[in-house]
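*Asks:* sequence plus the predicted model coming up.
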Amino acid sequence: MRVGMGYDVHKLTEGRKLILGGVDIPWEKGLLGHSDADVLIHAVMDALLGAAALGDIGKHFPDTDPAYKGISSIKLLVHVAELLRKQGYAVGNIDATVIAQKPKMAPHIPQMRKNMADALGIPESKINIKATTEEGLGFTGRGEGIASQAICLLIEKQD
Ligand SMILES: Nc1ccn([C@@H]2O[C@H](COP(=O)(O)O)[C@@H](O)[C@H]2O)c(=O)n1
Ligand SMILES: C[C@@]1(CO)OP(=O)(O)OP(=O)(O)OC[C@H]1O
């Protein structure tokens, strides 16, 4: 078994959609990035790539490549799942936290889990998503950005 961790931050700005876990969340601001800036999926992908010793998302999907401009991070997650399968890994479980002052994530978490489980080809029971504020402190507390952390376990498949 192999463990991996991921962390990502994106800035909140007007005129962008707020996409988290593949869910389009109605909100006055969205996250800025080269892709759809889905900070939750980015942290999860980095955890998975880290556990497999395959580097990070910037290595696989450079933010200088126009191919990834505006891309749905769900598509990137499907690609990461294929890489893991080719290397002989199965996902044991994933646990992730979204750190955001607002909006409330709780109503959207079931759909986020479904989207991510479908992209990875695993049951929803292997994915947990949590949310927390930082009690008004720091950049997330001021609503300047959203952060996400993830940890995962990969199982090496036997031939
Ligand atoms: N953006 C968020 C933040 C939190 N939640 C939910 O509220 C609970 C309490 O959060 P605290 O930061 O005050 O401890 C938390 O456990 C989440 O269930 C949320 O849905 N969206
Ligand atoms: C996801 C990628 C895709 O080009 O772009 P961004 O949306 O800017 O996100 P970031 O977390 O900076 O990771 C880099 C890239 O892999």
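*Replies:* Happy to help now that I have it. Numbers count the residues shown, from 1 in each chain. Ligands and ions are numbered 1, 2, ... in the order given.

*Asks:* what stretches of the protein score poorly on pLDDT?
*Replies:* 159 (pLDDT under 70).

*Asks:* near ligand 2, which residues of the chain show up?
*Replies:* Within the chain, the positions near ligand 2 by Cβ under 6 Å from any ligand atom are 8, 33, 34, 35, 37, 42, 57, 58, 61, 62, 63, 68. Where C-beta positions appear, they are placed from N, C-alpha and C, glycine not excepted.

*Asks:* how does it look with 5 Å?
*Replies:* 8, 33, 34, 35, 37, 42, 57, 58, 61, 63, 68 (Cβ under 5 Å from any ligand atom).

*Asks:* so which of these are in strands?
*Replies:* residue 8 (DSSP state E).

*Asks:* now the buried members of the residues of the chain next to ligand 2.
*Replies:* When the residues of the chain next to ligand 2 are checked for burial by 16 or more other Cβ atoms under 10 Å, the buried set is 8, 33, 34, 35, 37, 42, 57, 61, 68.

*Asks:* for the closest residue in space to residue 17 that isn't next to it in sequence, give me its contacts.
*Replies:* Leaving aside its sequence neighbours, residue 17 sits nearest to residue 30 (Cβ to Cβ, 6 or more residues apart in numbering; 4.5 Å). For residue 30, the contact set (Cβ atoms under 8 Å, 6 or more residues apart in numbering) comprises 12, 13, 15, 16, 17, 18, 19, 37.
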